[in-house]
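In: any chance you could fold what I've pasted below:
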Amino acid sequence: MDENRIRKPVLAGHSMGSAIVLTIALDAPEKLSGFALLGAGARLRVSPMILEKALNPATFADAVALINEYSFSPDVPKDLLRLSTQNMMKTDPQTLLGDFLACDSFDVTDRVDSIQLPALILCGTLDVMTQPKYSEFLAEKMPGARLHLIKEAGHMLALEQPDVVGRLLKEFLESLPPLS
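Out: The predicted model follows:
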């Protein structure tokens, strides 16, 4: 942001990206105008079954199947699920495992109450990966946060309900004061 002279942006992150955004909001709040979190939590525990299956290259496909099962609502279009599986299978197994281990070790539960920035928190009501209770915790702890639970959406809420997510992001951005 400094190198590109980006002044006080609004950052948005989904899942692991939300951990990155939360870290910036905690460590350098003066650099942001606000932020949006999708499928987020102050702690991002990963199912031990996912970690176990991702650890072994022989069960990598099983890990991908489990991740997709936990990431989408039960009524997700099969084409979207198939595309997600194809894309995830292209990921290096060690990279995927590293990402999930990083998520599993992320924990800022004791720090989020210090965040005073405007925040939008979006979570699918059917999110199994980061259940709504984690988004509710964030909203309770951060006085500038607005929480929206999106019906009939899982963890991949931006793919499952793009119009709703887009509208909420637009409304949030329009509600922020302009930079002086």
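In: restricting to C-alpha, output stretch 116-135 in CSV.
Out: Only the C-alpha atoms of stretch 116-135 are listed here, as CSV (Å, rounded to 0.1, in the frame of the first residue of the first chain):
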residue,chain,number,x,y,z
GLN,A,116,-12.6,0.4,16.0
LEU,A,117,-12.8,0.6,12.2
PRO,A,118,-16.0,0.2,10.2
ALA,A,119,-16.4,-3.4,9.3
LEU,A,120,-18.8,-5.5,7.3
ILE,A,121,-19.1,-9.2,8.3
LEU,A,122,-20.8,-11.6,5.9
CYS,A,123,-21.4,-15.2,6.6
GLY,A,124,-23.6,-17.9,5.1
THR,A,125,-26.2,-19.3,7.4
LEU,A,126,-25.1,-22.8,6.2
ASP,A,127,-21.4,-22.2,6.6
VAL,A,128,-19.8,-25.3,8.0
MET,A,129,-16.1,-24.2,7.6
THR,A,130,-16.6,-21.0,9.7
GLN,A,131,-19.9,-21.3,11.3
PRO,A,132,-22.1,-18.1,11.8
LYS,A,133,-21.2,-18.1,15.6
TYR,A,134,-17.7,-17.0,14.6
SER,A,135,-19.0,-14.1,12.6
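In: what about that stretch, distance to the chain center?
Out: Remark: stretch 116-135 is offset 8 Å from the chain centroid, using CA atoms, centre = their mean, to the nearest Å.
In: any stretches of this protein with poor pLDDT?
Out: By pLDDT under 70, the low-scoring segments of the chain are 180.
In: mind jotting down where the strands sit in it?
Out: With strands called from DSSP state E, the chain shows them at 10-14, 34-38, 119-124, 145-150.
In: could you redo those as a markdown table and give each row distance to residue 84?
Out: Using the backbone N, CA and C atoms, a C-beta is placed for each residue, glycine as well. Output for the strands of the chain, formatted as a markdown table (distance: least, CB to CB, whole Å):
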| stretch | distance to residue 84 |
| --- | --- |
| strand 10-14 | 13 |
| strand 34-38 | 16 |
| strand 119-124 | 15 |
| strand 145-150 | 18 |
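In: now those in JSON lines, with distance to residue 156 and mean neighbour count?
Out: Below are the strands of the chain laid out as JSON lines (distance: least, CB to CB, whole Å; neighbours: other CB atoms under 10 Å):
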{"stretch": "strand 10-14", "distance to residue 156": "8", "mean neighbour count": "20"}
{"stretch": "strand 34-38", "distance to residue 156": "9", "mean neighbour count": "26"}
{"stretch": "strand 119-124", "distance to residue 156": "8", "mean neighbour count": "27"}
{"stretch": "strand 145-150", "distance to residue 156": "11", "mean neighbour count": "18"}
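In: pretty sure residue 96 sits against residue 57.
Out: No: Residue 96 sits out of contact with residue 57 when judged by CB atoms under 8 Å, with a separation of 10.7 Å.
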